[in-house]
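[1] turn this into a structure:
(one chain, ligands or ions: 2)
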Amino acid sequence: MTGSLFATSDLHVAYPDNRRIVDRIEPESADDWLIVAGDVGERFADIEATLRLLRSRFAQVIWAPGNHELWTHTADPVRLRGEHRYRELVRMCRDIGVLTPEDDYAVWHGPGGPVTIAPLFLLYDYTFRPPGAATKEEALRQAYATGVVCTDEMLLHPDPYPDRESWCHARVAESERRLAATDPALPTLLVNHWPLVRQPTEVLWYPEFAQWCGTVLTADWHVRFRAAAVVYGHLHIPRTTHYDGVRFEEVSLGYPREWSKRGPAPNPLRRIFGAPGQ
Ligand SMILES: [Fe+2]
Ligand SMILES: [Fe+2]
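    Ligands and ions are numbered 1, 2, ... in the order given. Below you'll find the predicted structure:
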C-alpha cells in the first residue's frame, strides 16, 4: 500500500486566516489518512463543516477532541455541556464518517505500518503543577495571581462529573483498558490533544499554564503501549522531540499571531508515516 499518514491540530478555524489555510489542505495521494488532534474550533457547526471538508478529501480522518471543542461557548447555539457535548460531537463524527476515540482503533497498513492508531481523549488533572505548588488549589492560586488562567475554567464544564480531574481520571481508566486490549504484536500511534508526558510543557512561557496540559498518569504510556510515535497539540509549539526513544510530534497550526512568525503560509500537515511522492 502507498500513501502517507498526516497529522494536524489546533486549526482554530474561527480565525479567517486559519480558515483559508484549512480550505487549502489537500492530500498528496488518494490513500492518505489525516489525524486531527483537537482544537478545530469552538462552534459545533464550524467543527462539523471542517471535519466534513477534510473527510471529503482524505481516505480516512481520525479526530480526537481538544479543549476548545468541549467549550460551551456563548457564540454556539449548541448549549450542551461536558460529556453530553462530547457525545454529540462523536455522534456527528459518525454521521460524516470520521473516527473518534469511541470507535474501534483503525490499523494503518501503509508505509511504516501496520500500526494501531489510538485516538485518545484524556483531558488533564492539574498534576503538571508549577514549581512550589503541591496541590491543585495552590497551582490554581498561582495561576490567578499571575493572570494566566485557561479559559477552560469558565467554559469547559465537566458535567456530569464533579470536576475536570474526575472526568480525566474516568477517561484515563477507560483508555488504559482499551489500549491494554490492543494487538500486542502491533506498535501503536497514540493521539491525544494534550501531551502524554510533562516534558513538552517545560518550554511554556508561563509555567502556570502546564496544569491545563495533561496528567502524570500517562507518563509511561508511550513505552507501555508500544508507541511508534505520539501525536499531540494544544501547546501551539510545533516541533518533534523524543522521549525514551519514542518520537513525539506536536502538530499544531495555532493562532495567526503565532504562525505568522514562522512565515506567511505555514503547512499545517505533519507527515507521520510515509514519504513524499509515494
Ligand atoms: Fe489550541
Ligand atoms: Fe487546546
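[2] number of residues surrounding the residue of the stretch 151-278 of the chain at minimum distance from ligand 2?
    Residue nearest to ligand 2 within the stretch 151-278 of the chain (CB to the ion): residue 234, separated by 3.8 Å. Backbone N, C-alpha and C define where each C-beta goes, glycine included. By other CB atoms under 10 Å, the residues close to residue 234 number 27.
[3] need the contact list for it.
    Residues near residue 234 by CB atoms under 8 Å, 6 or more residues apart in numbering: 9-10, 38-39, 66-67, 193-195, 213, 252.
[4] among those, which are in helices?
    Using DSSP state H, the members of these that fall within helices are residue 67.
[5] need the contacts of residue 234 in a markdown table with pLDDT, distance to residue 229 and neighbour count, can you?
    As requested, the contacts of residue 234 are exported to a markdown table (pLDDT from 0 to 100; distance: CB to CB, whole Å; neighbours: other CB atoms under 10 Å):
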| residue | pLDDT | distance to residue 229 | neighbour count |
| --- | --- | --- | --- |
| 9 | 98 | 14 | 32 |
| 10 | 98 | 18 | 28 |
| 38 | 98 | 17 | 25 |
| 39 | 98 | 20 | 25 |
| 66 | 98 | 19 | 28 |
| 67 | 98 | 22 | 22 |
| 193 | 99 | 16 | 32 |
| 194 | 99 | 16 | 27 |
| 195 | 98 | 13 | 26 |
| 213 | 98 | 19 | 21 |
| 252 | 98 | 16 | 27 |
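[6] restrict the contacts of residue 234 to those near ligand 1?
    Near ligand 1, judged by CB under 5 Å from the ion, the entries from the contacts of residue 234 are 10, 39.
[7] of all the contacts of residue 234, which comes closest to residue 244?
    Proximity of these to residue 244 (CB to CB) peaks at residue 195, which lies at 13.9 Å.
[8] what's opposite the residue nearest to that closest one when sequence neighbours are not counted in the beta bridge?
    Among residues not flanking residue 195 along the chain, residue 232 sits closest, at 4.7 Å (CB to CB, 6 or more residues apart in numbering). In this entry, residue 232 is beta-bridged to residue 250, by DSSP bridges.
[9] residue 236 contacts residue 258, correct?
    Yes. The criterion here is CB atoms under 8 Å, and residue 236 meets it with residue 258 at 5.4 Å.
[10] make a markdown table from the contacts of residue 234 and add distance to residue 84 to it.
    Output for the contacts of residue 234, formatted as a markdown table (distance: CB to CB, whole Å):
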| residue | distance to residue 84 |
| --- | --- |
| 9 | 24 |
| 10 | 24 |
| 38 | 18 |
| 39 | 20 |
| 66 | 17 |
| 67 | 16 |
| 193 | 19 |
| 194 | 21 |
| 195 | 26 |
| 213 | 24 |
| 252 | 27 |
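[11] pLDDT on the helix ranked longest in the chain, on average?
    Counting residues, the longest helix found in the chain (DSSP H) is helix 164-180. Average pLDDT, helix 164-180: 98.
[12] now do the buried residues in it.
    Applying a neighbour-count criterion of 16 or more other CB atoms under 10 Å, one finds 164-165, 167-169, 171-172, 175-176, 179 buried in helix 164-180.
[13] show residues contacting the helix or strand harbouring residue 144.
    Here residue 144 sits within helix 136-146, counting by DSSP states H and E. Residues outside helix 136-146 that contact it (CB under 8 Å, 6+ apart) are 125-126, 129-130, 132-133, 149-150, 165, 206, 208-209, 211.
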